[in-house]
Structures are given as C-alpha cells and as structure tokens.
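Student: quick one: sequence plus predicted model below, questions after.
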Amino acid sequence: MPDRPRLTPAIAELRRATRAALDGLSPDALVLVALSGGSDSLALAAALAFEAPRGGWRGGALIVDHGLQNGSADVAARAAQQATALGLAPVRVERVWVGGGHVGSGHGGSGHGGPEAAARLARYAALERAASDLEASVVLLAHTLDDQAETVLLGLARGSGAASLQGMPAERPMATGGSFRRPLLGVRRATTVQACADAGLEPWLDPHNADPGFTRVRVRQTVLPVLEAELGPGVAEALARTAEQLREDAAALDTFAAEVAEDLAEHSEAGLALPVDALAANPPALRQRIIRLVVSAEFGVALSRAQTLDVARLVTDWHGQTGLDLPGVRVVRRGGKLRFEARGADGTA
C-alpha cells in the first residue's frame, strides 16, 4: 500500500467531505472513524488519516466485532491493521455479544428486529462507550448517499411517516458526549470503492451485503436499479434530497411546536393541561407535534401516530368521550382543557 497515493477525483471527494464534517472542531480534538473494513468505512478512514493532522486533530479508529460471522475476529484484526498502517491512533477493537443467533437470511431481514437490529444497537452502544473512554469529540460513520436513498425507500414502503423519510441525520449527539457524524451522505458508494482502489486499499467484502434475505439488499440490488432504469438516472440523489428537505421542514415545525407548547402548557402536580380551543386553532401537523412533544417531555413516552391521532380526536371530534388510557399517560378533556396525567404501574392516574 503506497504511503501517499496519487490524488484522484474519488480520493479528493472523500477528503473534501471529511474536512467539511470536521470544520470547527477544537484543536487536538480526537476524531474516531467506525471502521468495519468495508469500502465505505475504509475510504473514510484513509480520508481521516490524511485530513486529521492537517486540521490539527487526532484521528483514530474503532472496530466493533459482533462475533456473528465465522472469522469475525480475523476481519476485525485486519481492519485494525489497516487503520494502524494508515497512521490512525488510537485503534481499538470492541467485542460485543449479540443475543439471538447469527445474522443472515431469515433473521431480521426487514431490519426491524432480530439479530440484525440487536447487532446495530450493540454496535452503537460499543462505539459510544469507547468514544467516552477515549474522550473523543466525534465518531465518524461511513453511511453514503446510497445508504440514505435506501433508508428513504424503506421508510416509504413501510408507510412510517415523515420521520423515517427524513433518513439519517448528518449529525446526532451521543448520550455520553460528543457526536456521531456522517460525512459521506452526499457521496456515492461507487466513489468509496474507487477511492479504495486508487489508494491501493483492499476492503473486506461483507457477505451480508450480497444476501437477498435482507430487505435492504434487495432494495440495493433490485429496486433502485429498476427505478434508475425506468425513471432515468439521479433517483438516489433525488431521494437523498427529499430526505434533506423533509429534515429541514421537520426541524422548523418541531421548533415552532416547542414554542407554542411552552406558551400553552399549564403544569400541575398531576401533569399538565393544554387549552382545547388553542389546540384546535392550529393546523393538524402542528397540533399533533404539540401533543407528541408534551407527552414525550413530561412523561418520557413516545406516542405512535395512531395514539397521537386518538388524542387529537379529543380536540377535533369530541362527543363526551371519557378519555384515553395510553402507556404511562391518561388523557382527558375537562373544563375546556386537554389534561395529561401520569398513570401508575397499576394503570391508575
């Protein structure tokens, strides 16, 4: 592997994206890349190794071994060796236990549950723990524009609303401090493959990425190519743009809903109340956001869309209903107010 690969368009694009994601970090901040050894994360690791010292930061790598495939320890060790050869330090391998058996065809193929979902949760938890232990400011994740497009398509197919159609955020905070950042959401997967080839890096080919037992693989190998063939090129980019626009719109609505909720909410020992007339005067998108927001903030409960609409009907379609019993919350309409009260473990308010 050459120490200084020639600067090709693919390598330059990876470096620009990485540099932009790190702009504004404090000098000497530690930035870690979540490295699987695949082309996306390996190309990102190489870009970080180049950009970190030039930006005054320290660049390292985290490798998570789930132990779900034969030879996973060897894959993790090889990724660690590649990271070290790139000049990244520290390089740490985190081994986690995932219950439920091996990830593969017929196991969590939809991405909703099973070992695949358990592995994802374990991976993020391990990354956060290691980042906290190493006092890292940022952990870089190598999701690409293609991953974003696949996420939006899967959300659309499931009918799971605007939240899932927003795709993956470019940045989100870690519970332990610092943040996850995704520099490559504007970069195509083919570019990361080319960047690795240009740099003389040999990525690991995850057999799961070719297993049609996974819904996401079928989207990648069949659905998106068919859309591109029938609708013309640029479908993946259009889906990614849609996610970005929805995220911007949702952020604006959420901010507005928080401001309105703060003005309207009347707190008491039992919970809080919202004036029915004021809720009714708001458009549905805002009214439902206010309901979800106050329940989440006050009781730590995330309402589903169906539950939110049931609560909203106490405002817009009230015929004297006695109220709703939701997990952890009882909602009643009384005295011109929508009252939210905590429910005990025995179901009493």
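Tutor: The structure has been received and is ready for your questions.
Student: can you classify Val332 by secondary structure?
Tutor: strand (DSSP: H, G, I helix; E, B strand; the rest coil).
Student: was I right about it contacting Leu326?
Tutor: No: counting by Cβ atoms under 8 Å, Val332 stays clear of Leu326, with 11.4 Å between them. Bear in mind the C-beta positions are built from the backbone N, C-alpha and C, glycine included.
Student: figure out how far stretch 275-286 is from the centre of its chain.
Tutor: Taking Cα atoms, centre = their mean, to the nearest Å, one finds stretch 275-286 lying 30 Å from the centre of the chain it belongs to.
Student: could you dump that stretch to CSV, C-alpha only?
Tutor: Extracted C-alpha coordinates of stretch 275-286, given in CSV (Å, rounded to 0.1, in the frame of the first residue of the first chain):
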residue,chain,number,x,y,z
PRO,A,275,-56.4,24.6,26.2
VAL,A,276,-58.6,22.8,23.7
ASP,A,277,-59.5,26.0,21.7
ALA,A,278,-55.9,26.9,21.2
LEU,A,279,-55.0,23.4,20.0
ALA,A,280,-58.0,23.3,17.6
ALA,A,281,-56.9,26.6,16.1
ASN,A,282,-53.6,25.1,15.0
PRO,A,283,-53.2,23.1,11.7
PRO,A,284,-53.1,19.3,12.2
ALA,A,285,-49.3,18.9,11.6
LEU,A,286,-48.6,21.4,14.4
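Student: buried ones in that stretch, by neighbour count?
Tutor: The neighbour-count check on stretch 275-286 (16 or more other Cβ atoms under 10 Å) flags 275-276, 278-279, 282, 286 as buried.
Student: which ones among those residues lie within helices?
Tutor: The subset of those located in helices under the criterion DSSP state H comprises 276, 278-279, 286.
Student: thinking again about what came up before, could the buried residues of stretch 275-286 be laid out in TSV, adding distance to Thr316 and pLDDT?
Tutor: What follows is those, written out as TSV (distance: Cβ to Cβ, whole Å; pLDDT from 0 to 100):
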residue	distance to Thr316	pLDDT
Pro275	14	96
Val276	9	96
Ala278	13	95
Leu279	9	95
Asn282	11	94
Leu286	13	94
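Student: just checking, Gly177 touches Ser132?
Tutor: Yes: under the criterion of Cβ under 8 Å, Gly177 makes contact with Ser132 at 6.4 Å.
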